[in-house]
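# sequence first, then the predicted structure, then my questions.
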Amino acid sequence: MKYRTEAQNKYYFKCIVLVLGKELGYHKYEMHEELKRLFITDTSRELTKEEFNQYCEQIRIWSQTELGIILEPPKK
């Protein structure tokens, strides 16, 4: 099984967690825990590449529709 990549992890923390944390007043680790609580049941560590992409996409959609915050999509 292929777990998320280092590039996916860097994107997630830089473009999702830090941005939302700054906007919502959370430290990056608090924001990460809150996102996990909202979108996955256990740990993000064991998500496959595809599952991690879906997780990030869910967060981007939620961020835009619920918060009005547009997050940068990952570079292809």
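Looks like it came in fine.

# tell me where the model's unsure across this protein.
The chain contains residues with pLDDT under 70 at 1.

# how much space between the nearest residue to residue 26 once chain neighbours are set aside and residue 25?
What sits nearest to residue 26 in space, not counting adjacent residues and going by CB to CB, 6 or more residues apart in numbering, is residue 34, at 6.5 Å. C-beta: built from backbone N, CA, C; applies to glycine. Distance, residue 34 to residue 25, by CB to CB, to the nearest Å: 11 Å.

# more neighbours: which of those two?
Neighbour tally, residue 34 and residue 25, criterion other CB atoms under 10 Å: the higher count belongs to residue 34, 15 against 9.

# secondary structure class of the more buried one, three-state.
Put simply, residue 34 is helix when judged by DSSP: H, G, I helix; E, B strand; the rest coil.

# that one against residue 27, yeah?
No - Residue 34 lies out of contact with residue 27 (CB atoms under 8 Å); the separation is 10.4 Å.

# residues near the residue nearest to residue 64 when sequence neighbours are not counted, how many?
Using CB to CB, 6+ apart and skipping residues adjacent in sequence, the residue nearest residue 64 is residue 70, 5.4 Å away. Close neighbours of residue 70, defined as other CB under 10 Å, add up to 10.

# is it fair to say residue 70 lies in a strand?
No - going by three-state DSSP, the assignment for residue 70 is coil, not a strand.
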